[in-house]
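Participant: Prediction below, plus the sequence it came from.
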Amino acid sequence: MPRENTPLLTSQSAAAANRKRSTMFWTLACLYGASAVGFGAFGAHGLKKTISDPARIASFATAAHYQLIHSVALLVAAQAQNPTSGVLFTSGMTMFSGSIYALVLDPARFRFLGPVTPLGGLCLIGGWVALAFK
C-alpha cells in the first residue's frame with residue numbers, strides 16, 4: 001500500500017511530460033514559422049491584387065513579421081522547457097497576428113476582433129517576461 005506522502009507523479013513521469021510539452025511547442029513553433037513565411041509572401045505578392053490600401057498591406061506585413069519573430073521565441077521557450085512562455089507566445093501569436101490577418105482581409109466582417117489584437121500583444125510581452133524569469 002502506498003504511503004500518504006508518496007507523490008502522484010514520479011520525477012520520471014514529470015520529466016516525460018516536460019519533454020512531451022516541449023516537443024509540442026517545438027512543433028507549433030515550426031508550423032507558426034512556416035505559416036509566417038507563407039503569410040508574408042502572400043502579403044507581399046498576392047494581397048496587392050485585392051487590397052490597394054498601403055496601410056492595410058503594411059499591417060499584414062507587420063503581423064507576419066511578429067509571427068515569425070515569436071515563432072523563434074517559441075523555439076527558445078520549447079528548448080528552455082518553459083511552458084508558461086510557450087503558452088503565452090502561442091496564444092499571443094494567434095490573437096495578435098491572427099486578428100490582424102482577419103481585419104486586413106475583411107475589416108467589416110471581423111471588426112469584433114479589434115480588441116483581441118492588444119490582448120495578443122500583452123501575451124507576447126508576457127511570454128518574454130516569463131522567458132526571462134524561468
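Facilitator: Noted; the coordinates are in hand.

Participant: List the buried residues for the longest helix along the chain?
Facilitator: The residue-count maximum for a helix in the chain (DSSP state H) belongs to helix 11-41. Across helix 11-41, burial judged by 16 or more other C-beta atoms under 10 Å covers 21-22, 25-26, 28-29, 32-33, 35-36, 39-40. Where C-beta positions appear, they are placed from N, C-alpha and C, glycine not excepted.

Participant: for stretch 38-54, same thing?
Facilitator: Across stretch 38-54, burial judged by 16+ other C-beta under 10 Å covers 39-40, 43, 47.

Participant: try stretch 113-130
Facilitator: Neighbour-count burial for stretch 113-130, counted by 16+ other C-beta under 10 Å, picks out 113, 116-117, 120, 123-124, 126-128, 130.

Participant: swap in stretch 75-89?
Facilitator: Residues of stretch 75-89 classed as buried: 75-78, 82-83, 85-89 (neighbour count, 16+ other C-beta under 10 Å).

Participant: Of the residues you listed, which belong to strands?
Facilitator: Counting by DSSP state E, none of the members of the buried residues of stretch 75-89 fall within strands.

Participant: which of these lies closest to His65?
Facilitator: Nearest to His65 out of these is Phe89 (C-beta to C-beta; 14.9 Å).

Participant: Report the spatially closest residue to the closest one, excluding sequence-adjacent ones.
Facilitator: Nearest non-adjacent residue to Phe89, counting by C-beta to C-beta, 6 or more residues apart in numbering: Gly127, 4.0 Å away.

Participant: Then Leu119?
Facilitator: Met95 (5.5 Å).
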